[in-house]
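*Asks:* got a predicted structure here, sequence first:
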Amino acid sequence: MSAEPNPARAEATLNGDVLGVALGGTWQITGPQPSWREVLADRRPRAVRFTLDDAGRWDSSLVRFVHEAERWCGEAGVRCETEALPEVVRRLAAQLTAAQAARAPAAHRAGFLTTVGLSAADVWRQVREFANFVGECTLSAVEAVRRPGRFRWADCLGEMQQCGAMAVPIVSLTSFLVGLTLAYTGAIILRQFGGDIWVADIVGLSMFREMGAVMTGIVVAGRTGAAFAAQLGNMKTGEEIDALETLGIPAVDFLVLPRLLALTLMMPLLAMYANCLGILGGMLIASTVLDIPASAYWVEMQTIVDLSDVSAGMIKSVTFGVLVAVAGCLRGLQCERSAAGVGRAATSAVVTGILLIIVADAIFAVLFNVLGI
Amino acid sequence: MSTSPPVPASPPAPAVPPIAVEHLECRYGGRTVLRDVTFAVGEGELFFIIGGSGCGKTTLLRHLIGLLPPARGVVRYFGEDFTAASRAARRQLLKTFGVLYQSAALWSSMTVAENVALPLEQYTNLNRRERDEIVALKLAQVGLAGFEEYFPAELSGGMRKRAGLARALALDPRIVFFDEPSAGLDPVTSRALDRLILEIRASLGTTVVIVSHELASIFALADRVIMLDREAQGTIAEGRPRELAASSPDPRVRAFLTRDGEADSTESTK
């Protein structure tokens, strides 16, 4: 496998109007090869005649060289004589010419307008699929209420552990840091007015009404939504979901509903836990940086946070749980049957989950404002 | 791919076989699957590694192509030790063989053309246009001209296999390994793939090693076979398939090659 002692060569000699090209040596695609342009060297023969002398091994590189020469001859109107070459070389060169011709039409590639049209149709299809999926989940949930014995409780408990208990460390860290950051940011303004104590109000209200649910939702979308999509996508790739369907077991009943219920139950618990950690983070800053005693912080917070704020946060967290689970499971079931498809499904589940959380949060903001909550 | 030229100018030592396996011991998952496997494959030969399910055919193949390190023994390509080769020497030897995996193993995020072009990008100095020409030639050879821009997911099982073969042939290797080429294919597509293998061998002189238990393919293609056995943990037969089927002294070999599962089925019903 050392360097080739007999490299590929193409020696051209002009006899009258005929350019004789003597090919020889070992032609390897991974090694150096002569170029037809260099061999031709601006000469304009009326015919090119190939011979194969002193030939060692040859491969596609020789075929490509002959093809290039034939193409030049065709374009320049020059006769190309390859009869002296092995039949296999001529046949493969002809095959390459035919393949190049077959490649020309790019019907597989769509134009700009077609792409826009197809994308719009795709968005509409996705909206319909989402609506259908929500409908299927609702019917499945109704069926589970009517026949609770058939529900996959063991799977549901396992998922609750995965998406609830196992998410506690990351939720703790993010919510504590969010509470801490809110307190710092609030203190910048409130200090100017001597109202340091109101940091407790800002942190408490923000966490209960908004940040607890939203931050938990985003963490869960990245963690659990992606996991749901990857699990179901992998099952689809491995035809496990097809196997369920052929047994008459709807994938929604068997796979989606346990995950949906698990996340719907776990999200408010995680959000409430996040609220507590956020308040702790705010309290830490209040007591260490702003010199506000923890008891004063607690009492002040209770003056502003009431049950409606807690309820608003809980309603949001339940909704976000449903949305993240639906997005994760839907993307998993829509997954293409390939490894790349599973990756795309997981990414799409996270993006869809976060998008739905933000849209739903905005709707809640308007709704609560109208209802005076 | 390389042909045996009509008049070789600088012939390599004729005695050196493209593949020589000496006393190979294969382990997989902490247990020994095969012991003392020794065989050689000649230039341009169509060689089959056969045997029942679970006998270690694919494990042997994975040892031959360097995906698993042998516990003992040597694999040589054209006389050079592959198992103990340095990183640079190994890279050179890797260019001498291509592999068509059982599932075709096309990279799903890349088009068919990109799949075939990747080895050319890695190992040659060809420019984009030249690479495209080689890709077109390879795809034409396997009957997939015009499918350059398709993704693997858009192809049928047989087409994926052919695209995988085009990728395996991209660097014109002197040896091509096939892992269960007929797996998952209908008989017609399977036969078409067999014909393709014969064509490639005939036109390019490629040495072909096929792991399979498809009797139709074995009898249609094989110059020579070795048969592996799970209980024996090694080779139990070597030779031409028809001769082995007719006159092998080992009843397991005759039973396998003549599809005589009577002994097994009788045993399993007891």
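*Replies:* That came in fine, so what should we check first?

*Asks:* the helix ranked longest in chain B near chain A anywhere?
*Replies:* Determined from DSSP state H, the single longest helix within chain B is helix B:187-204. Yes: residues of helix B:187-204 contacting chain A under CB under 8 Å from any CB of the partner chain: B:203-204. C-beta here means a position set from N, CA and C on the backbone, and glycine is covered the same way.

*Asks:* buried sites along that helix?
*Replies:* Buried residues in helix B:187-204, defined by neighbour count with 16 or more other CB atoms under 10 Å in any protein chain shown: B:189-190, B:192-194, B:196-197, B:200-201, B:203-204.

*Asks:* for the nearest residue to A:Gly222 once chain neighbours are set aside, give me its contacts.
*Replies:* In space, not counting the residues next to it along the chain, A:Gly222 is nearest to A:Val350; the distance is 5.4 Å by CB to CB, 6 or more residues apart in numbering or on different chains. Contacts for A:Val350 (CB atoms under 8 Å, 6 or more residues apart in numbering or on different chains) come out as A:221-222, A:225-226.

*Asks:* swap in A:Arg90?
*Replies:* With contact set as CB under 8 Å, 6+ apart, A:Arg90 has these partners: A:66, A:82.

*Asks:* could you do A:Tyr273 as well?
*Replies:* A:168, A:171-172, A:175.

*Asks:* so which other helices or strands are in contact with the longest helix of chain B?
*Replies:* With contacts defined as 3 or more CB pairs under 8 Å, 6 or more residues apart in numbering or on different chains; DSSP states H and E, helix B:187-204 has these neighbours: helix A:87-103, strand B:46-50, helix B:157-168, strand B:207-211, helix B:215-221.

*Asks:* to A:Ala346, which of the ones you listed lies closest?
*Replies:* With respect to A:Ala346, and counting by CB to CB, the nearest of the helices and strands packed on helix B:187-204 is helix B:157-168 at 24.0 Å.

*Asks:* give the rounded mean pLDDT of the closest one.
*Replies:* Mean pLDDT, helix B:157-168: 90.

*Asks:* kindly report the same for stretch B:140-149.
*Replies:* 88.

*Asks:* same question, stretch B:248-266
*Replies:* The average pLDDT within stretch B:248-266 is 74.

*Asks:* is chain B contacted by stretch A:21-34?
*Replies:* Yes: for stretch A:21-34, a contact with chain B is found by CB under 8 Å from any CB, at A:24-26, A:28-30, A:32.

*Asks:* which ones among the residues you listed are found in strands?
*Replies:* Those of those mapping onto strands are A:24-25, per DSSP state E.

*Asks:* and the two most separated of the residues of stretch A:21-34 next to chain B?
*Replies:* With CB to CB as the measure, no two of the residues of stretch A:21-34 next to chain B lie farther apart than A:Gly24 and A:Thr30, at 18.4 Å.

*Asks:* confirm that B:Ile236 sits in a strand.
*Replies:* Yes: assessed with DSSP: H, G, I helix; E, B strand; the rest coil, B:Ile236 lies in a strand.

*Asks:* thought B:Lys57 was touching B:Gly51?
*Replies:* Yes: using CB atoms under 8 Å, B:Lys57 is in contact with B:Gly51, at 5.4 Å.

*Asks:* spit out the residues that contact those two alike.
*Replies:* Common neighbours of B:Lys57 and B:Gly51, using CB under 8 Å, 6+ apart, are B:213, B:228.

*Asks:* poorly predicted segments of chain B, please.
*Replies:* Residue ranges of chain B with pLDDT under 70: B:1-15, B:261-270.

*Asks:* ok, now which ones touch the residue most central in space within it?
*Replies:* Nearest to the mean C-alpha position of chain B, by CA atoms, centre = their mean, lies B:Phe177 at 1.9 Å. For B:Phe177, the contacting residues are B:61, B:64-65, B:97-100, B:168, B:209-211, taking CB under 8 Å, 6+ apart as the criterion.

*Asks:* in CSV, list those along with neighbour count.
*Replies:* Formatted as CSV, the contacts of B:Phe177 follow (neighbours: other CB atoms under 10 Å in any protein chain shown):
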residue, neighbour count
B:Leu61, 23
B:Leu64, 27
B:Ile65, 19
B:Phe97, 23
B:Gly98, 25
B:Val99, 23
B:Leu100, 25
B:Ala168, 24
B:Val209, 23
B:Ile210, 27
B:Val211, 23
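
*Asks:* SS state for the residue nearest to the centre of chain B?
*Replies:* Quick answer, by three-state DSSP: B:Phe177 is strand.

*Asks:* roughly how far does it sit from chain A?
*Replies:* As judged by CB to the nearest CB, to the nearest Å, B:Phe177 and chain A stand 17 Å apart.

*Asks:* and that residue, bridged to which residues?
*Replies:* Legend: beta-bridge partners of B:Phe177 under DSSP bridges are B:Val99, B:Val209.

*Asks:* how about the helices and strands packed on helix B:187-204, which one is nearest B:Val112?
*Replies:* The closest approach between B:Val112 and any of the helices and strands packed on helix B:187-204, judged by CB to CB, belongs to helix B:157-168 at 4.9 Å.

*Asks:* circling back: which among the helices and strands packed on helix B:187-204 is found nearest to A:Ala271?
*Replies:* helix B:157-168 (46.8 Å).

*Asks:* what is the closest one packed up against?
*Replies:* Helix B:157-168 is packed against strand B:97-100, helix B:112-123, helix B:128-141, strand B:175-179, helix B:187-204, with contacts defined by 3+ CB pairs under 8 Å, 6+ apart.

*Asks:* let's see it at 6 Å
*Replies:* In terms of contacts (3 or more CB pairs under 6 Å, 6 or more residues apart in numbering or on different chains; DSSP states H and E), helix B:157-168 is packed against strand B:97-100, helix B:112-123.

*Asks:* could you check the angle helix B:187-204 makes with it?
*Replies:* Orientation of helix B:157-168 against helix B:187-204 (axes from the mean of the first three to the mean of the last three CA atoms, to 10 degrees) gives an angle of 20 degrees.

*Asks:* in helix B:157-168, what counts as buried?
*Replies:* Neighbour counts over helix B:157-168 (16+ other CB under 10 Å) mark B:158-168 as buried.

*Asks:* same question for stretch B:113-122.
*Replies:* Using 16+ other CB under 10 Å as the test for burial, stretch B:113-122 gives B:113-120.
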